[in-house]
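> Can you look at this prediction? I've put the sequence above it.
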Amino acid sequence: MENTNTYQGGENFSLSDLLIQTRRKTLKERTEFFSNYINEEIENKRVLYMRVIDSQADRKVSVIDPKTGKTKKMLMFGSNNYLGLANNPYIKESVKKSIEKYGIGIGGPPLLNGYTKLHYEVEEMLADFKKKESAMIFASGYGANVGLVTGLVNRDDIVLYDEYSHASLCDGIKMGRIESYKFRHNDVQDLENLLIKHRSVVKGEIFVCVEGVYSMDGDMAPLNEIAPLCKRYKASLIVDDAHGTGVTGETGGGTAQHFGVEDDVDIIMGTFSKALGMTGGFVAGDKCVTDYLRFFARSYMFSASLPPIIVAAVKAGLEAIIKHPEYVSQLRSNVNYAVAKLNENGFDIKTQTPIIALRVPAEMKIRDSVFKFHEMGIFLNSIEYPAVPISQQRFRISLMALHTKEDIDKLVEAVCEVWYGKKR
Ligand SMILES: Cc1ncc(COP(=O)(O)O)c(C=O)c1O
């Protein structure tokens with residue numbers, strides 16, 4: 001293979017096309033091609049991946065500047081720590097106390113090696129929080145999705161899923177060799193067409209999988225329309241509420257709470273890695289579902305339990321969300337403020353969630369722009385080619401409850417500077 005370090009695929013080329021093109025190459029050719037490309041980009045300081053943070057996760061973070069090697073204070077708009085719980089004093093104190101009682105680890109998966117009373121209590125709390133009979137904890141959100149679909153869906157069933165679903169669901173579908181069909185993003189009519197087509201022929205169960213809040217654009221699934229549709233066609237509804245848990249709904253109960261359909265969602269999956277500021281995942285539903293999954297979800301059965309220090313942080317985080325409804329309302333008012341400010345400045349943002357996507361115009365060089373943000377002390381995420389086609393490149397802003405109005409003003413000023421070359 002020609003040793004070139006630029007992609008040859010045109011503006012719709014993405015990393016998945018690279019995998020197809022290099023399929024028949026040797027291991028060395030295949031990996032060297034990508035490795036040359038990415039390392040040259042990093043060495044020439046053309047990309048800002050894996051910035052090193054040398055401080056606590058807060059609204060301001062200290063970042064080691066890849067160009068100068070010096071520490072730089074930046075406003076953090078690129079973290080899923082939506083409620084700021086990753087550095088919450090009450091939670092940190094609770095974790096310290098848990099070490100005294102439970103130590104730091106557990107030493108294996110729950111079925112054989114047991115789990116702590118803390119794990120049990122958090123499962124009960126999660127079930128209450130999600131208004132379900134039961135909940136179970138997985139070692140990651142990724143593992144929860146993979147375990148959920150590979151564990152529950154059998155060969156007579158099918159899965160209908162939104163085309164923008166997270167990689168963890170898609171990987172579960174692939175691993176389980178599950179018969180599955182995508183519907184267009186948030187297109188309820190397209191979903192109904194699939195339900196009509198498959199209902200009379202499917203021998204087993206139909207599972208419909210959507211996300212409460214979609215992580216790339218921050219839009220919500222219209223659960224008020226999808227839940228009744230699933231009922232009508234006798235399909236089971238699974239909602240991945242990774243980005244909605246602790247964020248959407250009056251008290252942060254999630255996207256089903258936002259739409260008032262908590263009783264009509266069969267299974268809710270979520271993570272501890274976003275609003276709860278930690279790591280880990282969970283599934284909530286009927287007790288018979290979690291009983292079953294404890295034995296059939298292989299990512300649960302064959303993976304060690306989360307350490308009690310993490311579970312203690314999750315427990316304290318849930319307590320904090322319940323005790324301090326102002327965290328969720330502060331986040332919501334920051335979303336409203338940021339959206340209004342951006343729209344005053346010529347944008348057309350409609351999100352109701354803390355994820356704001358700014359689509360990059362064709363003429364803008366996203367690589368140069370992300371460095372401009374970095375130089376102005378604004379840490380945000382750029383979703384770049386070839387991870388996505390050029391037409392879908394965007395900046396993703398993630399808001400936190402901790403941000404002040406002044407922080408958001410600075411963000412909007414920086415966006416205007418990058419977009420229009422001047423402050424508006
Ligand atoms: C929608 C969605 N589901 C699942 C996951 C996986 O969660 P975790 O990172 O906690 O493993 C993520 C994480 O990015 C996500 O955005």
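Yes, it's here.

> Could I get the contacting residues of the residue in the chain positioned nearest to the ligand?
Closest contact between the chain and the ligand, by Cβ to the nearest ligand atom, is at residue 141 (2.3 Å). To be clear about C-beta, it is placed using only N, CA and C from the backbone, and glycine gets the same treatment. By Cβ atoms under 8 Å, 6 or more residues apart in numbering, the contact set of residue 141 is 168, 242, 269, 270, 271, 272, 273, 280, 281.

> what subset of those is also close to the ligand?
Contacts with the ligand within those, counted by Cβ under 6 Å from any ligand atom: 168, 242, 271, 273, 281.

> Neighbours of residue 421, how many?
Around residue 421 there are 7 other residues, counting by other Cβ atoms under 10 Å.

> how near is it to residue 375?
Applying Cβ to Cβ, to the nearest Å, the value for residue 421 to residue 375 is 14 Å.

> Next: residue 61.
Distance, residue 61 to residue 375, using Cβ to Cβ: 16 Å.

> Repeat that for residue 272.
33 Å.

> of those two, who's got more company?
When residue 272 and residue 375 are compared for neighbours, residue 272 comes out ahead with 30 against 12, by other Cβ under 10 Å.

> I'd say that one and residue 315 touch.
No: contact criterion Cβ atoms under 8 Å: residue 272 and residue 315 do not qualify, at 10.4 Å.

> any residues in contact with both of the two?
Contacts common to residue 272 and residue 315, judged by Cβ under 8 Å, 6+ apart, are absent.

> so for stretch 268-287, what's the average pLDDT?
Averaged over stretch 268-287, pLDDT sits at 97.

> Next, the buried residues of that stretch.
Along stretch 268-287, these residues count as buried under the neighbour rule (16 or more other Cβ atoms under 10 Å): 268-285.

> Could you do stretch 331-341 as well?
Residues of stretch 331-341 classed as buried: 331, 332, 334, 335, 337, 338, 339, 341 (neighbour count, 16+ other Cβ under 10 Å).

> Tell me which entries of those lie within strands.
Secondary structure defined by DSSP state E assigns none of those to strands.

> show me where the stretch 51-200 of the chain has strands.
52-53, 60-64, 71-76, 134-138, 158-162, 180-183 (DSSP state E, counting those that start in this stretch).

> In terms of secondary structure, what does the fourth one contact?
The contact analysis (3 or more Cβ pairs under 8 Å, 6 or more residues apart in numbering; DSSP states H and E) places strand 134-138 against helix 117-129, strand 281-285, helix 287-296, helix 298-301.

> Okay, now the sheet partners of it, with direction.
When pairing is defined by DSSP bridges, strand 134-138 lines up against strand 281-285 (antiparallel).

> now the partner strand: how far from the chain's centre is it?
Its chain's average C-alpha position is 15 Å from that of strand 281-285, according to Cα atoms, centre = their mean, to the nearest Å.
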